[in-house]
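A.B. asks: Quick one: sequence plus predicted model below, questions after.
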Amino acid sequence: MENRCPVVIDPAGNDIHAEAARIRANGPVSQVELPGGVVAWSVTGQEAARQVLSDQRFSKDPRKHWVAYVDGEIGEDFPLIGWVLMDNLTTTYGSDHTRLRKLTANAFTPRRVEAMRESVQKIAADLLDALAEAEPGEVVDLKARYAHPLPAQLICDLFGVPAESRAEMLRGGEVNVDTTITPEEAAANVEQWHGEMQEFVDSKRRNPGDDLTTDLISAQEDGSRLNDSEMVGTLHLLLATGTEPVMNLITNAVAALLKHPDQLELVRSGQASWRDVIEETLRAEAPVAHLPFRFATEDVEVGGVTIAKGDPVLMGYAGMGRDPSVHGENADRFDITRANKDHLSFGHGVYRCIGSPLAWLEAETALSALFERFPDLSLAVQELEPQVTFIMNGRRNLPVYLTAKVPAGAGR
Ligand code: HEM
């Protein structure tokens, strides 16, 4: 087998699509170098990804299956240590994972999510009302004022997080996806969010509410099935996943439509639907770009390489959505009319996203309400800056004009 150099991952995520193409050029499964000099496998080919995601020989538990971590070679000085020290669905395997998943997945079934529709619509309407107060011609950051608060408010309402602690409780997840932080910042962040979540859980024990945190606590107390560390880790995961990728999906969809007004026109004229927009955004702009970690529990052959037992693996969701072997030479093009929008952006197999019905509801509501209220929405900048992360695919902000710009001199 040809031995190619690992692609060195840019911690700042300056151009994740170009980087994914470089990685894929080395093969559907090829090596990358992570911050801290750790070499891992990256899966950017869709077919190989489907195989890895459905193969039970891949674990997500570093404590059992990352040989370098077990041997003490990976320590607190690893910049992605936050992704190792979590104790939740994303770091468990086998029966531990099944147990945690049963407890959390129930909260997000399509039926339960349907019951959240009115709340989502109300949050969107209130945020749009607040936006409507902007001065004519004012530049508004739609990420900060719409794409972020919509999912953040919903998930915090669901989990009964008090208004005054929301920003702090969500910060742990925001810092965790920033891949430019130092190992010290990463470790300090883990410690801080553990403390905050533990305090929150303790307060819910004292004052139970009609919320999902109280439900998780009851499940814990009934059958002692969730220990304290798992409880804290699970809450952290759900607040973070409930916010960050949904925010990116909404931001990326709005940005793509504003950059491609012909596509927006297709929706307006009824030739395409919001579902087409969302599916194509998930494919071409996967909200989760490059996700750590899986570990081979034995040597596995996939995508023309052998992943050795104990090797770490990242799933390159942004890359696989644009795999030319599935989507052809124009895989990079945002085209809501393409017949094949196949993607794996919610994962696949036993670790598949439990929040996809909720994400769909939020994105569809957010987009339709936004473009109905502000039909003349336009970008206020030529180029959007990327979010500083290679794990997520987002923008630093989304500056827009809400209403049509009045030409200078008009109305005098
Ligand atoms: C557009 C929005 C979203 C995207 C793109 C997304 C993407 C993903 C992906 C790719 C995975 C699989 C990770 C892997 O093993 O490779 C995942 C897992 C997960 N997601 Fe989502 N997610 C989104 C929204 C949500 C929401 C709203 C929630 C819930 C509040 C959620 C909760 C979870 C959980 C708990 C897991 C872990 C499942 C497990 O390990 O069994 N996600 N998500």
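C.D. replies: Now that the structure is in, tell me what you want to look at.

A.B. asks: ranges for the strands of this protein?
C.D. replies: For the chain, applying DSSP state E gives strands covering 7-8, 29-33, 39-43, 58-59, 139-141, 291-296, 300-302, 305-307, 312-315, 378-379, 399-401.

A.B. asks: Note down every partner strand of the third one and its orientation.
C.D. replies: Right, strand 39-43. Here strand 39-43 is paired, per DSSP bridges, with strand 29-33 (antiparallel), strand 312-315 (parallel).

A.B. asks: who touches the last one?
C.D. replies: Which is strand 312-315. The contact list for strand 312-315 (CB atoms under 8 Å, 6 or more residues apart in numbering) reads 32, 34, 38, 40-43, 49, 52-53, 58, 66, 68, 290-296, 307, 347. Backbone N, C-alpha and C define where each C-beta goes, glycine included.

A.B. asks: sorry, back to before: can you say which of the strands of the chain is nearest to T104?
C.D. replies: Within these, the stretch nearest T104 is strand 291-296; the backing value is 17.9 Å (CB to CB).

A.B. asks: strand partners of the closest one, parallel vs antiparallel please.
C.D. replies: Sheet pairing for strand 291-296, assigned by DSSP bridges, gives strand 58-59 (antiparallel), strand 312-315 (antiparallel).

A.B. asks: what's the closest of those to Q121?
C.D. replies: Between Q121 and the strands paired with strand 291-296, the shortest gap by CB to CB is with strand 312-315, which sits at 32.9 Å.

A.B. asks: Let me know whether that closest one sits next to the ligand.
C.D. replies: Yes. Using CB under 6 Å from any ligand atom, strand 312-315 reaches the ligand at M315.

A.B. asks: ditto for stretch 49-66
C.D. replies: No. Against the ligand, stretch 49-66 shows no contacts by CB under 6 Å from any ligand atom, the least distance being 6.5 Å.

A.B. asks: so how far is that stretch from its chain's centroid?
C.D. replies: Distance of stretch 49-66 from the chain centroid (CA atoms, centre = their mean, to the nearest Å) equals 19 Å.

A.B. asks: so for it, what's the average pLDDT?
C.D. replies: Here stretch 49-66 scores 97 as its mean pLDDT.

A.B. asks: please renumber so the chain begins at 45
C.D. replies: Sure, I'll start numbering at 45, so the last one becomes stretch 93-110.

A.B. asks: Give me the residues contacting that stretch.
C.D. replies: 72-73, 87, 113-114, 118, 128, 133-138, 140-141, 337-342, 344, 346-347, 354, 356-357, 359-361, 364, 388, 391-396.

A.B. asks: Tell me the residues of the stretch 295-444 of the chain that contact the ligand?
C.D. replies: By CB under 6 Å from any ligand atom, the residues of the stretch 295-444 of the chain that approach the ligand are 331-332, 335, 359, 361, 389-391, 395, 397-399, 402-403.

A.B. asks: Give the single residue among those positioned nearest to the ligand.
C.D. replies: Nearest to the ligand, judged by CB to the nearest ligand atom, of these is G399 at 2.0 Å.
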